[in-house]
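Asker: whatever this is, show me its structure:
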Amino acid sequence: MNRSHWRALKWVLILWGSILAVSAQARELRFVTGDAFPPFTDRDIAGGGIVTEIVRTVFERAGYETVTIIWRSWLKGYELTVEGNVDGTFPYAFTRTRAKSVLFSDPITSLKAYGWYSRNGASVDDKVDLLGKSLCLPLGYAELGYAGRLFGNGQAKRVSPPDMKTCFKLLDAGRVDSVISPIPEALGAIQAAGLPFDDFGHIEEGLSDMPLHFIVGKNNADAAKIIADFNVGLLQLRQSGELASILATAEY
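Answerer: Residues are numbered from 1 along each chain as shown. Next comes the predicted model:
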């Protein structure tokens, strides 16, 4: 083999080595999620919650060798995702504001949020009763549906403590008029706050019906591929019936 052939072979080997290095790097993923959002993400639940289980299953079956999940506050986790310092987070509802910074997967499932009230306070029978009231929604939570419209139109005041548990403490103390929360998260927060379940109720009509997504920050160089891989894996789980089986293990 002459010198020109050796030179060509050398460059082929260098290029192939680079491809393998990039491939190996792409097989390591690091995600972040928030705690105390049962049954979807919660450190006290086996597997970290049903959405945590779904995300891990999808990427492990896609051939990623390492799938690491870290736990942070919802606000911090979202910031890490937008900055591209992690490879994604979950579960999140779609908003136009978020869509400027992140890519959304196909919906994993959906969840209704309700207006909660204290039975020791003023009666709240209908969502119209929330007009002009102070509504508790923790930091990092999106303003969706009817409550979102109230906030947007200045027809309700938002109070935003760090977590849902604090929202129910404020409600119990009469410092807010209502808490906006899905049923499972509300029940978990009431328990964590050490309050009696019987002291609280919710408006029968839901305030929003939120599709929940896996998201990746647009600043992540592999964002489009990660979302595409997730969507393919999610579709496979849905078609096989496994997605329905995982979701059916929890009530929400």
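
Asker: tell me where the protein has helices.
Answerer: Under the criterion DSSP state H, the chain carries helices at the ranges 3-26, 50-61, 74-83, 96-99, 145-152, 164-172, 183-192, 223-240, 242-247.

Asker: which sections of the protein are below the confidence cut-off?
Answerer: 1-26 (pLDDT under 70).

Asker: ranking the helices of the chain by burial, who's on top?
Answerer: helix 164-172 (a mean of 24; mean count of other C-beta atoms under 10 Å). Placement of C-beta: from N, CA and C, glycine included.

Asker: so how far is that helix from its chain's centroid?
Answerer: Computed by C-alpha atoms, centre = their mean, to the nearest Å, the separation of helix 164-172 from the middle of its chain amounts to 21 Å.

Asker: may I see the helices of the chain organised as a markdown table, with distance to residue 126 added?
Answerer: Shown next, in a markdown table, are those (distance: least, C-beta to C-beta, whole Å):
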| stretch | distance to residue 126 |
| --- | --- |
| helix 3-26 | 51 |
| helix 50-61 | 31 |
| helix 74-83 | 29 |
| helix 96-99 | 28 |
| helix 145-152 | 11 |
| helix 164-172 | 18 |
| helix 183-192 | 18 |
| helix 223-240 | 36 |
| helix 242-247 | 30 |
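
Asker: residues contacting residue 237?
Answerer: By C-beta atoms under 8 Å, 6 or more residues apart in numbering, residue 237 lies in contact with 54, 57-58, 243, 246.

Asker: hmm, I was thinking of residue 29
Answerer: 59, 64, 66-68, 87-88, 226.

Asker: check residue 31 too.
Answerer: For residue 31, the contacting residues are 55, 67-70, 86-90, by C-beta under 8 Å, 6+ apart.

Asker: then residue 170?
Answerer: 136, 159, 161, 176, 179.

Asker: would you list the phi and psi of the third one?
Answerer: Which is residue 161. Phi and psi for residue 161, reported as degrees, to the nearest 10, are phi -80, psi 180.
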